[in-house]
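> Would you be able to build a 3D model of this:
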Amino acid sequence: MKRIKYLIGIAALLSVMFASGGCEKPLDLNGTYRDITVTYGILDPAEPVQYVKVYKGYLTTENAITVAGNYEAVLYMDSILVELTEKKNEKITRVIQLDTTTAVPKEPGTFSAPKQLLYYTKTTLDVDASYELKITNKYTRAEKQASTTIVHPFSIAAPSNVMNLTVNSIPAKFTPPENGYAYDFYQRFYYIEVSNTTGEVVKRGYVTRKLNSNPVKSTGKESEIVYRFNPSNIYATIANQLSPDPTVTRYADENTDGGCLELEIWAAEQNLATYIDVGTATSSIVNDRNFYTNFESADNSAYGIFSSRTRQNKRYGMQNTTTHNEDSLVNGSYTKNLGFDYFYKYQP
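Take a look at the predicted model:
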C-alpha cells in the first residue's frame with residue numbers, strides 16, 4: 001500500500017512566498033517530471049477477451065482537465081511492451097504479449113477523448129495458474145509488474161429453480177470459489193414492450209438492483225456463502241427505473257433464457273477487494289487519503305490494480321412460482337401505472 005498525504009495549506013504556501021522574496025519570483029507548483037505509470041487490469045476467465053488499461057501521469061501548467069483529453073498526453077502509445085506471464089507450480093508455462101486496440105466502446109467523457117487505447121489478449125486463461133503483468137518501457141527498459149491468481153468459476157445453489165417474490169426473505173447460496181474473497185449480489189428483472197399499434201416488440205429491457213450495500217467477504221473457512229435478501233423489493237426498483245408509456249404494453253420476459261428474473265453474483269480476488277475498500281469515499285474531515293496498489297517498480301513509480309474477478313448468473317421464471325407474482329406486477333401499488341399485463345395474454 002502506498003500512502004500519500006496532501007497537507008498543503010495557506011500558511012505553508014505563504015512561508016514559501018516569503019522565503020523566496022515575496023512576489024519577486026513566480027511560484028512554480030510543478031516539480032520535476034517523473035514517469036508515473038497507472039494501470040488497471042482485471043482478468044475474468046468467463047470473458048473471451050482480457051483488457052488492460054495503461055496510462056501515464058502528466059505534468060502541465062495548463063488546465064489539467066483539458067490536458068486529460070489529449071490522447072498522447074496520457075498514453076504511452078507504442079513506447080511500452082505489455083506482457084502476461086503465466087505460471088503453474090512456480091514454473092513459467094506461457095508468455096503472452098498483449099496487442100493494442102481502440103475498438104472498445106466508451107461513453108463520452110474527459111478521458112475518452114478522442115478514443116481509448118487498450119491492451120488486450122484473446123488467450124484463454126487457465127484458472128489454476130497465476131499471472132504476472134509486466135510493463136516494460138522500450139527506451140528506458142524500466143519494468144513495472146504485478147501478479148494475481150484467478151478466481152475460479154462457481155455455481156449458484158439457491159434459489160434453485162424459482163424465485164418466489166411473495167416472501168420477504170430468501171437465501172442466495174453458493175460454494176465459495178477458489179481465490180474468491182469478496183462478493184456482490186444483484187437482482188434483475190427482464191421485460192418486453194409491445195407496440196399497441198403494430199403488436200410488434202419494440203424493446204427488450206431490464207432493471208437491476210444491487211442487493212448488498214457492502215461487499216460480503218469470505219473468511220476462507222466457510223463451506224458455503226449465504227446472503228439473504230428480499231426478492232419482492234424488485235417491484236420498487238421497476239417503479240423507480242421505468243416511466244409510464246401509453247403507446248406500449250409491457251410484459252415480464254418469460255420466454256428468454258429461462259425466465260424474467262435473474263440473480264447475478266460477482267466474486268473478486270482479495271487485491272481487487274482491498275483496492276475498492278481503500279478507494280471508497282469517506283465522510284472523515286481528515287484530508288489524508290490512502291492509495292492501494294499491488295504494482296511494484298524499482299523507483300516506486302507504478303500505481304493501479306491488477307487482479308481477477310468472475311461472475312455467475314442464474315435465471316428464474318415468474319409464472320413457475322405463483323400467479324401472485326404477476327398480480328403484484330400488473331396491479332400492485334408500485335407498478336400498476338406502468339402498463340404491465342399478464343404474460344399469458346401476450347400473442348407474438
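> any low-confidence regions in the stretch 101-250 of the chain?
Within the stretch 101-250 of the chain, the ranges that satisfy pLDDT under 70 run 105-115.
> For it, which segments count as helices?
234-241 (DSSP state H, counting those that start in this stretch).
> And the strands in it?
Under the criterion DSSP state E, counting those that start in this stretch, strands of the stretch 101-250 of the chain are mapped to 118-121, 130-137, 143-149, 156-158, 170-174, 182-195, 201-210, 216-217, 225-229, 248-252.
> So what touches the shortest one?
Meaning strand 216-217. Strand 216-217 is contacted from outside by Tyr181, Ala182, Tyr183, Asp184, Phe185, Ile225, Tyr227, Ala273, using CB atoms under 8 Å, 6 or more residues apart in numbering. Every C-beta, even on glycine, is put in place using the N, C-alpha and C of the backbone.
> The third one pairs with what?
This points to Tyr183. Val216, Ala267 (DSSP bridges).
> so what's it up against?
Neighbouring residues of Tyr183 by CB under 8 Å, 6+ apart: Asn212, Pro215, Val216, Lys217, Ser218, Ile225, Tyr227, Ile265, Trp266, Ala267, Ala268.
> The fifth one - nearest residue in space that isn't next to it in sequence?
Leaving out its chain neighbours, the residue that sits closest to Ser218 by CB to CB, 6 or more residues apart in numbering is Pro176, at 5.1 Å.
> Quick check, that neighbour in contact with Glu222.
Yes - Pro176 is within contact range of Glu222, at 5.9 Å (criterion: CB atoms under 8 Å).
> returning to what we had before: mind giving me JSON lines with the strands of the stretch 101-250 of the chain and columns for distance to Lys87?
Shown next, in JSON lines, are these (distance: least, CB to CB, whole Å):
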{"stretch": "strand 118-121", "distance to Lys87": "16"}
{"stretch": "strand 130-137", "distance to Lys87": "5"}
{"stretch": "strand 143-149", "distance to Lys87": "8"}
{"stretch": "strand 156-158", "distance to Lys87": "30"}
{"stretch": "strand 170-174", "distance to Lys87": "28"}
{"stretch": "strand 182-195", "distance to Lys87": "24"}
{"stretch": "strand 201-210", "distance to Lys87": "35"}
{"stretch": "strand 216-217", "distance to Lys87": "27"}
{"stretch": "strand 225-229", "distance to Lys87": "28"}
{"stretch": "strand 248-252", "distance to Lys87": "47"}
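> closest to Gly57 out of the ones you listed?
The minimum distance between Gly57 and the strands of the stretch 101-250 of the chain falls on strand 143-149, with 12.6 Å, by CB to CB.
> got the CA coordinates for that closest one in CSV?
In CSV, the C-alpha atoms belonging to strand 143-149 read as follows (Å, rounded to 0.1, in the frame of the first residue of the first chain):
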residue,chain,number,x,y,z
GLU,A,143,9.9,-2.5,-15.7
LYS,A,144,6.7,-2.4,-13.6
GLN,A,145,4.8,-5.5,-12.6
ALA,A,146,2.0,-7.0,-10.5
SER,A,147,0.7,-10.6,-10.0
THR,A,148,-2.7,-12.2,-9.4
THR,A,149,-4.4,-15.6,-9.0
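> Can you mark which positions in it are buried?
Lys144, Gln145, Ala146, Ser147, Thr148, Thr149 (16 or more other CB atoms under 10 Å).
> out of the contacts of strand 216-217, which are buried?
Applying 16+ other CB under 10 Å to these, the neighbour count classes Tyr181, Ala182, Tyr183, Asp184, Phe185, Ile225, Ala273 as buried.
> which one of the strands of the stretch 101-250 of the chain lies closest to Gln97?
Taking those one by one with CB to CB, strand 118-121 is closest: 8.0 Å.
> tell me what that closest one is packed against?
Packing partners of strand 118-121 (3 or more CB pairs under 8 Å, 6 or more residues apart in numbering; DSSP states H and E): strand 50-56, strand 99-101.
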